[in-house]
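Undergrad: please work out how this folds:
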Amino acid sequence: MKITPLEIKRQQFKKVMRGYDPVEVDTFLDMLSHELEDVLSRNKDLKDKQIELETQLKDYKNMEKTLQQTLLQAQETSGKEIENSRKEATLIVQESELKAAQIVDKARMDFGRMKEEIANLKARKESILSRLKVLLTSEIDLIKALEIDDDPSHQDSSRGTGKDHIEIDEILKKL
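TA: Got it, this is the predicted structure:
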């Protein structure tokens, strides 16, 4: 049975001869009615506050859940990014090592070719020098022979000054 403050105020009692003082009963009922009205009002306010707090709590729990999910996603994403970065770094290092090996191999090949070319050029130089020596020696011998044939006083070819031979040696050394 629910009694409202209005019911308390309207409540009427029978009057009896030796009963309670009607003014005192009315005053008490009035006071009780006001007190019940205050209690009900506070109760309503508390229920409203409870609903508001429960709503806020629900919102905070949703926010917490969202933040936790966001944090987990961020951790997963950062973990994936770190792993991807490591893989990419490994690939870059491997590519760099491969390119470095190719550069070194090419340099070795180029060095080998250059050494071979230098050896070929030295051999050609030696060949040219020896042919030139032979040619110059034969030309000098020819000149000496012609001089001997032209000059009857030089019948002995072994008596020459030897200057011709020294000049040719000096020329060949300069080459």
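Undergrad: what average pLDDT does the helix ranked longest in the chain get?
TA: Identified as the longest helix of the chain according to DSSP state H is helix 22-150. Mean pLDDT, helix 22-150: 92.
Undergrad: centre of the chain to stretch 110-130, how far?
TA: 49 Å (C-alpha atoms, centre = their mean, to the nearest Å).
Undergrad: I misspoke; the intended subject was stretch 11-28.
TA: 93 Å.
Undergrad: how long is it from one end to the other?
TA: The first residue of stretch 11-28 is 12 Å away from its last residue (C-alpha to C-alpha, to the nearest Å).
Undergrad: can you pull out the residues in contact with that stretch?
TA: Residues outside stretch 11-28 that contact it (C-beta atoms under 8 Å, 6 or more residues apart in numbering): L29. Backbone N, C-alpha and C define where each C-beta goes, glycine included.
Undergrad: residue nearest the middle of the protein, spatially speaking?
TA: Among the residues of the chain, the one closest to the centroid is S85, at 6.0 Å (C-alpha atoms, centre = their mean).
Undergrad: please tell me how far that residue sits from M63.
TA: For S85, the distance to M63 equals 32 Å [C-beta to C-beta, to the nearest Å].
Undergrad: now swap in K15 and tell me
TA: On the measure of C-beta to C-beta, K15 and M63 end up 64 Å apart.
Undergrad: do E7 as well
TA: E7 is 45 Å from M63, by C-beta to C-beta.
Undergrad: go on, L46?
TA: 25 Å.
Undergrad: burial of D105, as a residue count?
TA: 10 (other C-beta atoms under 10 Å).
Undergrad: how much space separates it from E97?
TA: 12 Å.
Undergrad: before we move on, what about S138?
TA: From S138 to E97 the distance is 61 Å (C-beta to C-beta).
Undergrad: for K2, helix, strand, or coil?
TA: Using DSSP: H, G, I helix; E, B strand; the rest coil, the structure places K2 in coil.
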